[in-house]
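Novice: Please work out how this folds:
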Amino acid sequence: TWSGPERLLALDELIDRCETSQVKHMMQVIEPQFQRDFISLLPKELALYVLTFLAPRDLLQAAQTCRYWRILAEDNLLWREKCREEGISDSVSYHRRECVRPGASFSPWKSAYIRQHRIETNWRKGDTREPMVSFNTA
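Specialist: Numbers count the residues shown, from 1 in each chain. Below you'll find the model as predicted:
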């Protein structure tokens, strides 16, 4: 029958009287309750909306979290929006599909974004290495 503040006070008192090993045990029981994959619990449309707030670099890292996050982070519309934000045009996104594994998700907009980012990075850093040329001798 305690109120919320009374319960918190009782918990504070209880924790103060516990030994270190008992507090560690409480933490081991409580922490997993806060380590939930909230993105996977959301409907796909809402999960994608949440991911729109990530920077492209963070999207690439999020894709490495798990299979479901990779599927979300490869969403073509998500990358189209990132391209639009960076001023990358429609014409850039329709390059030929190169060797893509069957069943692998593929986003032409993601490819366009990464390609444009590499070009800009090379321009900024002044990458003047000689291009690699290979000759087939058949």
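Novice: Number of residues surrounding residue 72?
Specialist: Per other C-beta atoms under 10 Å, the neighbour tally for residue 72 reads 23. Every residue, glycine included, has its C-beta placed from N, CA and C.
Novice: Can you tell me the element it falls in?
Specialist: helix 67-73 (DSSP states H and E).
Novice: Show me what that helix packs onto, helices and strands only.
Specialist: helix 38-41, helix 44-51, helix 56-62 (3 or more C-beta pairs under 8 Å, 6 or more residues apart in numbering; DSSP states H and E).
Novice: The chain: helices as residue ranges?
Specialist: 4-17, 20-34, 38-41, 44-51, 56-62, 67-73, 76-86, 90-93, 108-125 (DSSP state H).
Novice: out of these, which comes closest to residue 135?
Specialist: Across the helices of the chain, residue 135 has its closest neighbour in helix 108-125 (24.3 Å, C-beta to C-beta).
Novice: which ones are touching the residue nearest in space to the middle of the chain?
Specialist: Nearest to the geometric centre of the chain sits residue 62, at 2.1 Å (C-alpha atoms, centre = their mean). Residues counted as contacts of residue 62 (C-beta atoms under 8 Å, 6 or more residues apart in numbering) are 51, 54, 69, 72-73.
Novice: Let me know the pLDDT of it.
Specialist: Listed pLDDT for residue 62 reads 93.
Novice: can you count the residues close to residue 130?
Specialist: 5.
Novice: Check what pLDDT it gets.
Specialist: So, for residue 130, pLDDT stands at 70.
Novice: how about low-confidence regions in this structure?
Specialist: 90-105, 127-129, 131, 136-138 (pLDDT under 70).
Novice: ok, now with 80
Specialist: Within the chain, the set of residues satisfying pLDDT under 80 comprises 90-106, 126-138.
Novice: before we move on, back to that, which one of the contacts of residue 62 is nearest residue 26?
Specialist: residue 69 (30.3 Å).
Novice: Tell me which residues touch the closest one, please.
Specialist: Going by C-beta under 8 Å, 6+ apart, residue 69 touches 39-40, 62-63.
Novice: now those in JSON lines, with distance to residue 29?
Specialist: Formatted as JSON lines, those follow (distance: C-beta to C-beta, whole Å):
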{"residue": "39", "distance to residue 29": "24"}
{"residue": "40", "distance to residue 29": "23"}
{"residue": "62", "distance to residue 29": "28"}
{"residue": "63", "distance to residue 29": "32"}
